[in-house]
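J.: Below is the sequence, then the predicted model.
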Amino acid sequence: MAISDRTYRMVRFLLTTCLTLATVDATEPIALIDGRSPQPWRIVNDGVMGGQSQSRLSLREDYYQFKGYLSLANNGGFASVRSQ
C-alpha cells in the first residue's frame, strides 16, 4: 500500500517539527498545572520502551515543576507527566 505524496510531506513536516521542539532548551517555566490539584501525578518516560530520557516532578510552593532530560537514544524520545 503506497502513501500519497501529500501524506508523506505531512508526516515529514510533523517529524521535523517534533525533533526541532525536542532540541529546544526550555529555560522559562510554562504553567500547566498548579499545586492545588487534587489528583495524584506521575511521570512516564520512554524507559518503558527502552529509551533513556529522565524527568522528575517536584512540588514547589504553589506549583509543580516538571524537569528532565530528553534522549533520542534507543529510539526513545518522550518524557511526560500524567494525572492518575
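T.: Here it is on my side, so go on.
J.: Surely Pro40 is in contact with Gln84?
T.: Yes. Applying Cβ atoms under 8 Å, one finds Pro40 in contact with Gln84, separated by 4.8 Å. All C-beta spots, glycine's among them, are computed from the backbone N, C-alpha and C.
J.: The nearest residue to Ala79 once chain neighbours are set aside: which element?
T.: Among residues not flanking Ala79 along the chain, Ser55 sits closest, at 4.0 Å (Cβ to Cβ, 6 or more residues apart in numbering). For Ser55, the host element (DSSP states H and E) is strand 54-59.
J.: which residues touch the closest residue to Met49 other than its chain neighbours?
T.: In this structure, Met49 finds its nearest non-sequential neighbour in Gly76, 6.6 Å apart by Cβ to Cβ, 6+ apart. For Gly76, the contact set (Cβ atoms under 8 Å, 6 or more residues apart in numbering) comprises Asn45, Asp46, Gly47, Met49, Gly50, Gly51, Gln52, Ser53.
J.: show me the contacts for the fifth one.
T.: With Cβ under 8 Å, 6+ apart as the criterion, the residues that contact Gly50 are Asn74, Asn75, Gly76.
J.: Quick check: phi and psi on the closest residue to the first one other than its chain neighbours?
T.: If I follow you right, that is Asn74. Take Asn74 and drop its neighbours on the chain: the residue closest to it by Cβ to Cβ, 6+ apart is Gly50, 4.7 Å away. Backbone torsions for Gly50, taken as degrees, to the nearest 10, come to phi 90, psi 0.
J.: Please identify which helix or strand holds Tyr64.
T.: Using DSSP H and E, Tyr64 falls in strand 64-69.
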